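Novice: predicted structure and sequence below. I'll ask about it afterward.
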Amino acid sequence: MTHSKHKVVIFLGPPGAGKGTQAARLAEEQHLTQISTGDILRDHVRRGTELGQQVKPMLDAGQLVPDPILIALIRDRLAGMDNIRVIFDGFPRTTPQAQALDVLLEELGAPVNAVPLLEVPDQILIDRIVERGRQAAAQGQTARSDDNEETARKRQQVYREQTQPLIDYYAGRGHLYTVDGVGSMDEVYARITGGMKPQSS
Ligand code: ADP
C-alpha cells in the first residue's frame with residue numbers, strides 16, 4: 001500500500017471520550033505518529049524535568065498548561081519529520097493553539113485532513129474517568145492524579161469554555177465530522193474510519 005506523503009488527523013472531544021485509545025489504533029493501522037500532549041506532559045512530570053515541575057500543579061488542578069509551552073512542544077515534535085503523518089490527541093485545545101498549528105502546518109506544506117469529534121454525554125464521561133482511576137488503583141498502579149471526580153468536572157468545564165470553540169473553527173474549514181463515542185471500541189473505531197473522506201483515509 002502506498003501512503004500519501006502527509007496526513008494530519010486531529011481528534012477533538014471532551015476528556016474521557018476515548019480519544020487516546022482510538023488515536024492509538026488509527027496510528028498503528030495507518031502508520032501515523034500519535035502525538036498526545038497529555039502523555040508528553042505526564043512523562044515530564046514523572047521524570048521530574050523542569051517542565052514537569054512547572055506543569056504538575058496545573059495538571060492536578062485540571063487546568064490548561066499555557067499555550068506557548070504547548071506550541072513549542074508541538075513545533076519540536078514536527079521539526080525533523082520528513083513526512084508529516086500525525087494524529088493529534090489533546091492538541092489543539094484553545095483557539096490560539098489551533099491558529100499556531102495552522103501556521104506550523106502551512107510552513108510544512110501539510111494541511112489538516114480530518115477532524116473527528118468524539119461525542120459522549122457528560123455523566124458517562126465522569127463515570128469513565130472515575131472508573132479509570134479506580135481500576136488503576138485496583139491493579140496496584142498509580143492512578144493519574146487528575147483522575148478523580150472533582151478534577152474530572154473541572155476538566156469538563158475547561159473543555160466547554162476553551163476547547164469547544166474549536167468545533168466551529170474546524171467545521172468552518174470543512175474538516176470536522178461528528179462520531180458517536182458511545183459503543184464498543186470496535187464500533188466507535190469503525191465510525192471514525194467510516195467518516196474519513198476517501199482521499200484522506
Ligand atoms: P484528558 O483528555 O483525559 O483530559 P489529557 O491527557 O489530554 O487528558 O490531558 C491532561 C492534562 O494535560 C490537561 O488537563 C491539561 O492540564 C494538560 N494538557 C494536555 N494537553 C494540553 C493542551 N493542548 N493545552 C493545555 N494543556 C494541556
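Specialist: Sure, I can see it.
Novice: by contact count, what packs against the lengthiest helix in the chain?
Specialist: Longest helix of the chain, by residue count under DSSP state H: helix 122-138. Secondary-structure packing of helix 122-138 (3 or more C-beta pairs under 8 Å, 6 or more residues apart in numbering; DSSP states H and E): helix 149-158. For the C-beta atoms, the positions are set from N, CA and C on the backbone; glycine is no exception.
Novice: show me the contact partners of the helix it packs on.
Specialist: When contacts are defined by C-beta atoms under 8 Å, 6 or more residues apart in numbering, helix 149-158 is touched by residues 14-16, 60-64, 122, 125-126, 129-130, 145-146.
Novice: hmm, the least confident helix or strand in the chain by mean pLDDT in reach of the ligand?
Specialist: One helix or strand of the chain scores below all others by mean pLDDT, DSSP states H and E: helix 122-138, with a mean of 87. No - if you take C-beta under 6 Å from any ligand atom as the test, helix 122-138 misses the ligand, and the best it gets is 6.8 Å.
Novice: contacts for that helix, please.
Specialist: Counting by C-beta under 8 Å, 6+ apart, residues outside helix 122-138 touching it are 14-18, 120, 142-144, 147-149, 152-153, 155-156, 182.
Novice: now it against helix 149-158, angle please.
Specialist: With axes from the mean of the first three to the mean of the last three C-alpha atoms, to 10 degrees as the basis, helix 122-138 and helix 149-158 are set at 140 degrees to each other.
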